[in-house]
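Trainee: only geometry, no sequence info:
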Ligand code: HEM
């Protein structure tokens, strides 16, 4: 008799946020962010605001036991360099409330969304290259990790899977991931308004 393995926690998280990811993905493509540098800059500003809100999590030493390479995963510096490449300076989209590291499950839900966006970024990088951007100019934050996007991602999801969590904590993580997708959506809408 064969048994189907139960989904891992990160697989459950993916399933619980698949619809909201798809909706966001379609919304972003409808905003046509790769049709011109001017529109791409708007997308970049949404990214900048999203990552600025998450900065306290990436910098939280209490999360480094769980995710040892967390600080170096932060793409804020690459986003700032992309903005500088394109001659943009001060952010024009309000960041919204920053996400403080008060609860491990909530932090993991937000980080899941930020880290996962790097996995899907392979597609976005190809589109950015069509308008003359590259991982050396304007689209640095869309670059894959030297170890490979998939391997880098699996090291992150392995940490989610290994974390000691109650079902209630897992529910909080899922709710936080949904909040994170909703935040990105609001920031993208503001950036393209
Ligand atoms: C037009 C925009 C987007 C497209 C086309 C897109 C596409 C994708 C694709 C193809 C994957 C799967 C990659 C793989 O398995 O190799 C993925 C994963 C993911 N994306 Fe996006 N994405 C977009 C925007 C975003 C944004 C803005 C966020 C977050 C704010 C995001 C969060 C995620 C997450 C969390 C995953 C990982 C899902 C998992 O495997 O658990 N995506 N995306």
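Mentor: Okay, I see it. Bear in mind the structure is a predicted one, so any value in this text is a computation, not a measurement.

Trainee: where does the chain have low pLDDT?
Mentor: 1-2, 89-92, 95 (pLDDT under 70).

Trainee: ok, residue 83 - how many residues close by?
Mentor: Residue 83 has 20 neighbouring residues, counting by other C-beta atoms under 10 Å. The C-beta positions use only the backbone N, C-alpha and C, and glycine is treated the same way.

Trainee: Say whether the ligand is contacted by the helix or strand where it lies.
Mentor: Per DSSP states H and E, residue 83 falls inside helix 76-85. No: using C-beta under 6 Å from any ligand atom, helix 76-85 stays clear of the ligand, with a minimum separation of 12.7 Å.

Trainee: and that helix, what other elements does it pack with?
Mentor: Contact here means 3 or more C-beta pairs under 8 Å, 6 or more residues apart in numbering; DSSP states H and E; on that basis helix 76-85 packs against helix 37-58.

Trainee: what's the closest non-adjacent residue to the spatially most central residue of the chain?
Mentor: Nearest to the mean C-alpha position of the chain, by C-alpha atoms, centre = their mean, lies residue 114 at 1.8 Å. Among residues not flanking residue 114 along the chain, residue 54 sits closest, at 5.5 Å (C-beta to C-beta, 6 or more residues apart in numbering).

Trainee: Then residue 137?
Mentor: residue 85 (5.0 Å).

Trainee: Can you list the buried residues in stretch 149-162?
Mentor: 149, 152, 153, 155, 156, 157, 159, 160 (16 or more other C-beta atoms under 10 Å).

Trainee: so how far is residue 113 from the fifth one?
Mentor: Computed with C-beta to C-beta, to the nearest Å, the distance linking residue 156 and residue 113 is 11 Å.
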